[in-house]
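Peer 1: Fold the following and give me the result.
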Amino acid sequence: MKTLQEIRMKRQLNRALAEKPNSTVEMYATIRAVLAWFVGAAMQDIIKNKIGMVGSNTVTDSLEYMVAVAENPEKYFSRESTIADWDARAMAYAKKYGLPTGGGCDAHNFVWSPADVVHINTTNAIFNNKLSCEYRDFCKLVMNWEYNRTSENKQELAASYAQAQEIVRIANNIFDRKKQNFFLRMVAGFRSARAH
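Peer 2: Presented below is the predicted three-dimensional model:
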């Protein structure tokens, strides 16, 4: 049973983000916590299932990439950091297949988005298919929130509010009382590894 203080803290976080759903500081703190949880969950899955590839470079590189994403999600999802590469991929695709670059044909839909790039670079560390799908979906949600919140389009900006609330809902679901102790152990390990 949750204590009154835990319920109040959860309500305060929800209320703060509902009142300021585009507050990037609070949102990125939440996003970092969820991404760190995914790193811990991937590590636990590898250890639990005694995957034979634990020492391999591909697994290690993918885990290091996941840690980098968790430490600095802005670098991997923000419009400012990712749009140039995404545009370049789209233009190369359009050129290769002779697609018009304007007039409603958007090659961005046919190439990897920034969230897809993150997911592809982490697939060697996430062996559990359900966890991999949840990670991919969360990365897409974060990317969509980031792109929508920086858009000049009023509909996209409005969508960012709903996406911010969904990010908070996912965080609340992940960090419920049953998983909180696991999360705290993972964050402590994550911070100590980062300090070295």
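Peer 1: And the pLDDT at the most centrally placed residue in the chain?
Peer 2: With distances taken as Cα atoms, centre = their mean, the residue of the chain nearest its centroid is Cys139 (3.4 Å). Listed pLDDT for Cys139 reads 98.
Peer 1: and the gap between it and His119?
Peer 2: 6 Å (Cβ to Cβ, to the nearest Å). Glycine gets a C-beta too; all of them are placed from N, C-alpha and C.
Peer 1: And for Asp137?
Peer 2: Asp137 is 9 Å from His119, where distance means Cβ to Cβ.
Peer 1: how far is stretch 33-42 from where the chain is centred?
Peer 2: Its chain's average C-alpha position is 10 Å from that of stretch 33-42, according to Cα atoms, centre = their mean, to the nearest Å.
Peer 1: what does stretch 65-76 give?
Peer 2: The chain centre lies 8 Å from the centre of stretch 65-76; the measure is Cα atoms, centre = their mean.
Peer 1: what's the answer for stretch 32-42, then?
Peer 2: Distance, stretch centre to chain centre, for stretch 32-42: 9 Å (Cα atoms, centre = their mean).
Peer 1: Quick check: mean pLDDT of it?
Peer 2: Mean predicted lDDT for stretch 32-42 stands at 94.
Peer 1: now swap in stretch 169-182 and tell me
Peer 2: 72.
Peer 1: Could I get the full set of helices for this structure?
Peer 2: Per DSSP state H, the chain has helices spanning 4-19, 24-49, 57-71, 73-77, 79-96, 114-122, 129-149, 154-174, 177-195. These are given in chain order.
Peer 1: Flag every buried residue along the fourth one.
Peer 2: If you call a residue buried by 16 or more other Cβ atoms under 10 Å, then helix 73-77 has these buried ones: 73, 76-77.
Peer 1: How about Ala36: what's its closest non-neighbour residue?
Peer 2: Nearest non-adjacent residue to Ala36, counting by Cβ to Cβ, 6 or more residues apart in numbering: Ala70, 4.6 Å away.
Peer 1: and that neighbour, how many residues sit next to it?
Peer 2: Ala70 has 21 neighbours, counted by other Cβ atoms under 10 Å.
Peer 1: I'd say it and Val39 touch.
Peer 2: Yes - here Ala70 reaches Val39: they are 5.4 Å apart, a contact under Cβ atoms under 8 Å.
Peer 1: tell me the contacts of Leu35?
Peer 2: 66, 69-70, 73, 138 (Cβ atoms under 8 Å, 6 or more residues apart in numbering).
Peer 1: of those, closest to Ile174?
Peer 2: Nearest to Ile174, judged by Cβ to Cβ, of the contacts of Leu35 is Phe138 at 9.4 Å.
Peer 1: Quick check: the closest one touching Phe38?
Peer 2: Yes - applying Cβ under 8 Å, one finds Phe138 in contact with Phe38, separated by 7.2 Å.
Peer 1: What ranges in the protein fall below the confidence cut-off?
Peer 2: Along the chain, segments meeting pLDDT under 70 span 1-22, 50-55, 101-105, 177-196.
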